[in-house]
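Asks: Turn this into a model:
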Amino acid sequence: MSDQVCKACKRIIEGKECAVCKSGDLTRSWKGTLIVYDTDSGLAKSAGQAVPGKYAMHIV
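Replies: Next comes the predicted model:
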């Protein structure tokens, strides 16, 4: 399993459970990708992402 998105935190993951929030509620339908390196950036803050990683912008 790859390219799934956690519905709780929008993190793009591989596997059956999100490593960050431990949710198993996943989907393969999303639009857009945000890669967060610097959690102090304005974009990361406006997206509500406090942990570096790869995130979906919109879950379909």
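
Asks: What segments of this structure are strands?
Replies: All strands of the chain, identified by DSSP state E, fall at 4-6, 12-13, 26-27, 30-36, 53-59.

Asks: shouldn't L34 be in contact with H58?
Replies: No - L34 lies out of contact with H58 (CB atoms under 8 Å); the separation is 10.2 Å. Placement of C-beta: from N, CA and C, glycine included.

Asks: Show me which of the two is the more surrounded one.
Replies: L34 (15 against 10; other CB atoms under 10 Å).

Asks: show me the contacts for the more buried one.
Replies: Residues in contact with L34 (CB atoms under 8 Å, 6 or more residues apart in numbering) are L43, A44, A47, Q49, K54, Y55, A56, M57.

Asks: Bridged to it, which residues?
Replies: Beta-bridge pairing for L34 (DSSP bridges): Y55.

Asks: Now, of the contacts of L34, which are buried?
Replies: A44, Q49, Y55, A56 (16 or more other CB atoms under 10 Å).
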